[in-house]
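In: Let's see this in three dimensions:
(one chain, ligands or ions: 1)
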Amino acid sequence: MTAFNNYTPRDNNPDGDKMSAIFVIFGGTGDLTHRKLMPAFYNMLLDGLLPVRFMVVSVGRRDLSEDEYRRQVYASIDRYSRNKPDDKAWSVLKDMIHYYKLDFTDLTGYHEFNGYLDKIDREAGIGGSRVFYLAVAPEYFETIVQGLKASGMHKPEGGFGRLVIEKPFGKDLVTAKKLNKELLKAFDESSIYRIDHYLGKEMIQNIMVLRFCNSIFEAIWNNKFIDNIQISLTEKLGVGTRQGYYENSGAMRDMVQNHIMQILTLVAMEPPVNLKTDSIRTEKLKVMEAIEDISPEFLRENVVFGQYGPGVIDGLPVPGYRQEPDVPVDSGTETFVALKLHINNFRWAGTPFYIRTGKRLARGSSEIVVQFKDLPNILYLKDRDFREPNLLVLRIQPGVGVYFQFNVRDFSTHNGIMSTKMDTSHVDAGQGNTPKAYERLIYDILKGDNTLFSRWDEVEAAWTVADRIITYREQKKHNFPNYDAGSMGPVRAFELLARDGRSWWNGGMI
Ligand code: BG6
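Out: Presented below is the predicted three-dimensional model:
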């Protein structure tokens with residue numbers, strides 16, 4: 001709902017008073033700010049979800065007047081927001097947006113900046129609270145936090161001080177630990193919000209509701225009834241303009257260590273004792289700790305890395321990864337990973353989890369497929385080829401919702417059986433990498449709810465798993481490229497399941 005004429009923040013947002021804050025964005029001229037954060041603020045404003053008193057201060061190194069910066073923000077909202085700017089709403093948001101020029105590597109500038117924030121705070125009657133959002137390259141995270149600490153900004157008087165960190169949170173366990181140690185010198189764990197934008201997506205939040213609010217699912221959510229679970233996050237897009245980042249990251253660091261691990265834990269976790277943040281996070285952590293030891297021998301059989309070569313997507317030719325600008329011609333970076341994992345606890349032992357993510361694939365979608373075990377070959381199934389299992393599919397994007405596949409009588413034949421779907425999903429293009437997830441996450445940050453953010457021990461456990469797989473990848477020579485853009489990945493990714501007598505659902509080999 002976005003009827004701006006009825007815009008009354010307090011009506012929609014009962015927490016609006018407590019959330020009042022200055023939202024400081026380091027990296028205010030960057031892509032993330034323009035594509036995600038500003039459109040998110042705009043939509044939150046329309047939906048009455050911004051705090052009662054709210055100011056945004058964008059920090060950048062460029063010389064820009066406030067007017068110029070606001071014009072750029074307007075253009076970004078016009079381009080990226082799901083609601084286009086309307087004059088009345090924009091005139092409200094415009095006055096909340098400020099630009100401050102600061103070289104954030106120069107620690108001497110932070111004191112003056114603090115004075116500037118205090119002035120804005122006094123004028124707007126904010127009451128002291130600050131959110132510091134680090135939308136900058138990761139090499140600046142520690143420096144900025146040092147600057148905040150040196151100037152005393154991290155613990156504002158009279159309000160809260162929260163730190164928001166974008167990924168990547170380190171590039172492996174060692175660097176993540178070092179970064180975390182630095183952050184903890186200035187902020188408590190409970191004031192650190194490690195963003196994983198997947199957790200802001202509707203269907204991801206729906207996983208727990210679906211599991212723990214439906215007796216029919218919870219009773220059969222285990223290895224006695226479930227044959228295997230597949231988590232597929234596939235993209236048509238390539239690396240875009242992010243080669244510099246992606247070349248040092250690859251699909252493991254970009255998608256598996258964070259988004260996929262988070263989804264896996266939500267799908268596999270035990271019911272928490274209550275819905276408090278820490279109770280949920282503790283159950284999620286236990287899943288990662290129960291992942292079967294990932295030895296090189298295990299990985300040899302159970303992981304497939306891929307890199308795309310040239311191909312055709314939606315009828316248009318696209319270059320291979322190694323032909324993208326600034327990518328070394330012999331790059332060994334993986335743009336695709338398929339992996340089989342076992343979670344060794346009483347609920348899941350024996351039920352494999354298959355994971356797949358990749359760029360430049362034929363199909364762009366994020367889905368979780370739960371395949372139930374087959375019935376014995378008796379009664380209706382005796383002597384028939386018909387082998388359609390029951391499937392529960394959680395569609396994250398672009399379809400959003402759930403469908404359940406089950407078997408019924410095929411009335412067009414004498415005694416045939418056919419599978420049918422009960423489908424609650426609808427297509428929502430807004431679920432892609434858009435501001436929508438950010439709206440929810442920003443709201444939670446301002447409200448002080450960190451349930452949808454990762455606690456340090458979760459990040460640590462995810463790196464422990466990811467590091468082993470990355471090390472294995474780095475030690476092995478790969479025959480890249482090994483899949484065409486526009487296909488569904490390397491042949492070996494299909495063999496991984498075929499060996500177990502299974503296949504990927506939704507998006508077979510193309
Ligand atoms: C980001 C990755 O975290 O997620 C990108 O860095 C990826 O490489 C993106 O494209 C996918 O997000 P979404 O929301 O479009 O599925």
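In: Report whether the longest strand along the chain contacts the ligand.
Out: The longest strand of the chain (DSSP state E) is strand 399-410. No - if you take Cβ under 6 Å from any ligand atom as the test, strand 399-410 misses the ligand, and the best it gets is 12.2 Å. Every residue, glycine included, has its C-beta placed from N, CA and C.
In: partner strands of that strand, parallel or antiparallel?
Out: In the sheet, strand 399-410 lines up against strand 391-397 (antiparallel), strand 416-423 (antiparallel), strand 426-427 (antiparallel) (DSSP bridges).
In: Show me the contact partners of the last one.
Out: Where contact means Cβ atoms under 8 Å, 6 or more residues apart in numbering, the residues beyond strand 426-427 that reach it are 398-401.
In: rewinding a little: in JSON lines, list the strands paired with strand 399-410 along with mean neighbour count, mean pLDDT and distance to residue 315.
Out: Converted to JSON lines, the strands paired with strand 399-410 look like this (neighbours: other Cβ atoms under 10 Å; pLDDT from 0 to 100; distance: least, Cβ to Cβ, whole Å):
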{"stretch": "strand 391-397", "mean neighbour count": "23", "mean pLDDT": "93", "distance to residue 315": "22"}
{"stretch": "strand 416-423", "mean neighbour count": "13", "mean pLDDT": "89", "distance to residue 315": "28"}
{"stretch": "strand 426-427", "mean neighbour count": "11", "mean pLDDT": "78", "distance to residue 315": "21"}
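In: And the ones you listed: which comes nearest the ligand?
Out: For these, proximity to the ligand was assessed by Cβ to the nearest ligand atom; strand 391-397 is nearest, at 6.2 Å.
In: ok, and what's touching that closest one?
Out: 198, 201, 203-204, 206-207, 210, 217, 233, 365-372, 401-405, 425, 428, 431-432, 505-506.
In: Dump the strands paired with strand 399-410 to JSON lines, plus distance to the ligand.
Out: Conversion of the strands paired with strand 399-410 to JSON lines gives the following (distance: least, Cβ to the nearest ligand atom, whole Å):
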{"stretch": "strand 391-397", "distance to the ligand": "6"}
{"stretch": "strand 416-423", "distance to the ligand": "21"}
{"stretch": "strand 426-427", "distance to the ligand": "15"}
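In: on that earlier part again, and the contacts of strand 426-427 as TSV, adding pLDDT, neighbour count and distance to residue 483?
Out: TSV is the format used below for the contacts of strand 426-427 (pLDDT from 0 to 100; neighbours: other Cβ atoms under 10 Å; distance: Cβ to Cβ, whole Å):
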residue	pLDDT	neighbour count	distance to residue 483
398	88	16	22
399	87	21	24
400	89	21	28
401	92	17	30
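In: Tabulate the residues you listed (a markdown table), appending distance to residue 169.
Out: Formatted as a markdown table, the contacts of strand 426-427 follow (distance: Cβ to Cβ, whole Å):
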| residue | distance to residue 169 |
| --- | --- |
| 398 | 27 |
| 399 | 30 |
| 400 | 27 |
| 401 | 31 |
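In: Just the pLDDT at the residue most central in space within the chain, thanks.
Out: The structure's the chain has its C-alpha centroid closest to residue 198; by Cα atoms, centre = their mean the separation is 2.6 Å. At residue 198, the pLDDT value in this model is 92.
In: got it, and residue 79?
Out: Listed pLDDT for residue 79 reads 94.
In: How many residues are close by it?
Out: 11 (other Cβ atoms under 10 Å).
In: now it, what's its secondary structure?
Out: Judged by DSSP: H, G, I helix; E, B strand; the rest coil, the three-state class of residue 79 is helix.
In: coming back round to it: would you mind listing the outside residues contacting the longest strand of the chain?
Out: 202-203, 206, 210, 365, 367, 386, 388-395, 415-428, 431.
In: can you give me how far it is from the chain middle?
Out: Distance of strand 399-410 from its chain centroid, counting by Cα atoms, centre = their mean, to the nearest Å, is 27 Å.
In: Please identify the buried residues of it?
Out: For strand 399-410, a neighbour-count test (16 or more other Cβ atoms under 10 Å) marks 399-405, 407 as buried.
In: Could you tell me how far residue 387 is located from the ligand?
Out: According to Cβ to the nearest ligand atom, to the nearest Å, residue 387 and the ligand sit 32 Å apart.
In: Ok, residue 220 next?
Out: In this view, residue 220 and the ligand are 29 Å apart by Cβ to the nearest ligand atom.
In: Next one, pLDDT for that residue please.
Out: pLDDT, read off for residue 220, is 96.
In: Residue 8 now?
Out: 47.
In: circling back to that earlier point, tell me which of the contacts of strand 391-397 fall in strands.
Out: Counting by DSSP E, the part of the contacts of strand 391-397 found in strands is 233, 365-372, 401-405.
In: State the pair within those that is farthest apart.
Out: 233 and 372 (22.2 Å; Cβ to Cβ).
In: Compare neighbour counts for the two and give me the winner.
Out: For the pair residue 233 and residue 372, the greater number of neighbours falls to residue 233 (23 against 17), based on other Cβ under 10 Å.
In: how close does the closest residue to residue 401 other than its chain neighbours get to the ligand?
Out: Spatial nearest neighbour of residue 401, chain neighbours left out: residue 425 (2.8 Å); criterion: Cβ to Cβ, 6 or more residues apart in numbering. In this view, residue 425 and the ligand are 16 Å apart by Cβ to the nearest ligand atom.
In: Next, the contact list for residue 425, please.
Out: With Cβ under 8 Å, 6+ apart, residue 425 has these contacts: 395, 399-403.
In: Residue 268 too?
Out: The neighbours of residue 268, taking Cβ under 8 Å, 6+ apart as the test, are 229, 287, 343, 347-348, 353.
In: which of these come close to the ligand?
Out: For the ligand, no contacts are drawn from the contacts of residue 268 by Cβ under 6 Å from any ligand atom.
In: Now go through those and say which are in helices.
Out: Taking DSSP state H as the definition of helices, the contacts of residue 268 contribute residue 287.
In: What's the mean pLDDT across stretch 334-344?
Out: Per-residue pLDDT over stretch 334-344 has a mean of 97.
In: end to end, how far does it reach?
Out: The first and final residues of stretch 334-344 sit 27 Å from each other (Cα to Cα, to the nearest Å).
In: Kindly report the same for stretch 301-321.
Out: 25 Å.
In: about what we covered before: could you dump the longest strand of the chain to PDB, C-alpha only?
Out: Output in PDB follows, covering the C-alpha atoms of strand 399-410 (Å, rounded to 0.1, in the frame of the first residue of the first chain):
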ATOM      1  CA  GLY A 399       8.000 -16.600  -8.000                       C
ATOM      2  CA  VAL A 400       7.100 -16.100  -4.300                       C
ATOM      3  CA  GLY A 401       5.200 -18.600  -2.400                       C
ATOM      4  CA  VAL A 402       4.900 -22.400  -2.000                       C
ATOM      5  CA  TYR A 403       3.700 -25.200  -4.100                       C
ATOM      6  CA  PHE A 404       3.000 -28.700  -3.300                       C
ATOM      7  CA  GLN A 405       3.100 -31.500  -5.800                       C
ATOM      8  CA  PHE A 406       1.000 -34.600  -5.300                       C
ATOM      9  CA  ASN A 407      -0.600 -37.400  -7.300                       C
ATOM     10  CA  VAL A 408      -4.200 -37.800  -8.300                       C
ATOM     11  CA  ARG A 409      -6.200 -40.000 -10.600                       C
ATOM     12  CA  ASP A 410      -5.900 -39.000 -14.300                       C
END
